[in-house]
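*Asks:* What follows is a predicted protein model with its sequence.
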Amino acid sequence: MENLGKVWDYRDVAAVPAALAPYVTELVAYESDLGAPGMHRGLPTTSLTLVLPMGEPLDVGWADESQRQRRWSTVSGLHAAPAAIHHDGVQRGVQVGLTTAGARALLGVPAAELAGELLELEEVAPDLADLPERLHDVSPDEGADEGSRAVVRALLGALSRHGEAAPRAEVGRALAGLTRGERVADVADEVGYSRRRLSTLVREETGLAPKEYQRVARFQASRALMGRAPLAEVAAVCGYADQGHLAREWSDLAGCAPSTWLREEFPFLRDLEPASAAS
């Protein structure tokens, strides 16, 4: 993606009602004019992503062009590869991050079924199929904020239909341990399972094997620190053996070197999100 200079970029991190807090990691209304067509990388995180564009459908696929399609809604499960979001310079819509429990509580499907997929909302949650049309009715004058309010109302309705959901307590503890970077064997011991049983449960919850989930979590942590600390320090803090290991993981998971991402995409994101936010 060529850095063509930012004309304007507005993002509002909407307040999430307490009822949705266990299921929604972020809810962001965005309106951007980047000056010219380009491509944005959708990086792996430990959250599922729901994107609802307004004005124009979203042109998105994996970096290798697979599953590329123009969609009025995109649900992406956990993945260990970058997505490529193509745009004509202007983007407007609402993006929602979902926990794995949120997939069941709000979409009505296990997160594991969506791993590695880019799907439209109607394919995943037919009861939310009219949400893109509802956003389409929001005028530009009302702004993306009104879109975020419409999304919140729809998600609260979905929660009332599907009911609250949470992973088994031991699976939740295991995911927390993996996210902290603990050894898989130690996590298995802590929750009282064999490594094989732990692997089965983590796959059933997320669609990723424990080591792959841990790899994505470590990458997500490093991404949150990019541009805010030297690369060697980021590598040490996030548990990489050295800066070279960090660079190789970024090449695999982001499709580019950290320096490339910092040059091409960080200028559009800094000061728009907290350090802990995911892509």
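*Replies:* Thanks, I have it. Numbers count the residues shown, from 1 in each chain.

*Asks:* Which elements pack onto the helix or strand harbouring residue 52?
*Replies:* Assignment of secondary structure by DSSP states H and E places residue 52 within strand 48-53. Judged by 3 or more C-beta pairs under 8 Å, 6 or more residues apart in numbering; DSSP states H and E, strand 48-53 is in contact with strand 74-76, strand 90-98, helix 131-136. (C-beta placed from N, C-alpha, C; glycine too.)

*Asks:* domain assignment for this structure?
*Replies:* 8-162, 169-269 (automatic domain parsing).

*Asks:* Do I have it right that residue 32 meets residue 88?
*Replies:* No. Taking contacts as C-beta atoms under 8 Å, residue 32 lies outside contact range of residue 88: 11.3 Å.

*Asks:* Compare the two (neighbour count), which wins?
*Replies:* residue 32 (21 against 11; other C-beta atoms under 10 Å).

*Asks:* Now do residue 86: how many residues are near it, please.
*Replies:* 15.

*Asks:* Counting residues, name the longest helix you see in the protein.
*Replies:* helix 143-162 (DSSP state H).

*Asks:* Tell me which helix or strand comes right after that helix.
*Replies:* Counting by DSSP H and E, what follows helix 143-162 is helix 169-179.

*Asks:* So which residues make contact with that following helix?
*Replies:* By C-beta atoms under 8 Å, 6 or more residues apart in numbering, the surrounding residues in contact with helix 169-179 are 46, 100, 166-167, 184, 186-188, 190-193, 198, 201-202, 205-206, 210, 213-214, 217.

*Asks:* and after it, which helix or strand comes next?
*Replies:* helix 184-191.

*Asks:* now the angle between helix 169-179 and that following helix, please.
*Replies:* Orientation check (axes from the mean of the first three to the mean of the last three C-alpha atoms, to 10 degrees): helix 184-191 against helix 169-179 gives 150 degrees.

*Asks:* on that earlier part again, would you format the domains of the chain as TSV with mean pLDDT included?
*Replies:* Shown next, in TSV, are those (pLDDT from 0 to 100):
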stretch	mean pLDDT
domain 8-162	91
domain 169-269	94
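
*Asks:* ok, back up a step: could you export the helices and strands packed on strand 48-53 to CSV, including columns for distance to residue 110 and mean neighbour count?
*Replies:* Below are these laid out as CSV (distance: least, C-beta to C-beta, whole Å; neighbours: other C-beta atoms under 10 Å):
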stretch, distance to residue 110, mean neighbour count
strand 74-76, 13, 26
strand 90-98, 12, 23
helix 131-136, 21, 18
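
*Asks:* Out of those, which gets nearest to residue 25?
*Replies:* Distance to residue 25, taken as C-beta to C-beta, is lowest for strand 90-98 among the helices and strands packed on strand 48-53, at 3.7 Å.

*Asks:* Now do the contacts for residue 136.
*Replies:* 54, 72.

*Asks:* For residue 85, see how far away it is.
*Replies:* 19 Å (C-beta to C-beta, to the nearest Å).

*Asks:* what does stretch 12-22 contact?
*Replies:* Contacts for stretch 12-22 (C-beta under 8 Å, 6+ apart): 24, 26-30, 99, 101-102, 105-106, 144-145, 148-149, 152, 155-156, 159, 164, 166, 273-274, 277.

*Asks:* which SSE is residue 198 in?
*Replies:* Short version, using DSSP H and E: residue 198 is in helix 195-206.

*Asks:* Which positions in that helix come out as buried?
*Replies:* Neighbour counts over helix 195-206 (16 or more other C-beta atoms under 10 Å) mark 198-199, 201-203, 205-206 as buried.

*Asks:* ok, so of those residues, who is nearest residue 222?
*Replies:* Nearest member of the buried residues of helix 195-206 to residue 222, counting by C-beta to C-beta, is residue 206, at 19.3 Å.

*Asks:* Isn't the closest one up against residue 78?
*Replies:* Yes. Contact criterion C-beta under 8 Å: residue 206 and residue 78 qualify, at 5.4 Å.

*Asks:* need the contact list for residue 132.
*Replies:* Shown in contact with residue 132 (C-beta under 8 Å, 6+ apart): 52, 72-73, 121.

*Asks:* 6 Å - rerun?
*Replies:* By C-beta atoms under 6 Å, 6 or more residues apart in numbering, the residues touching residue 132 are 52, 72-73.
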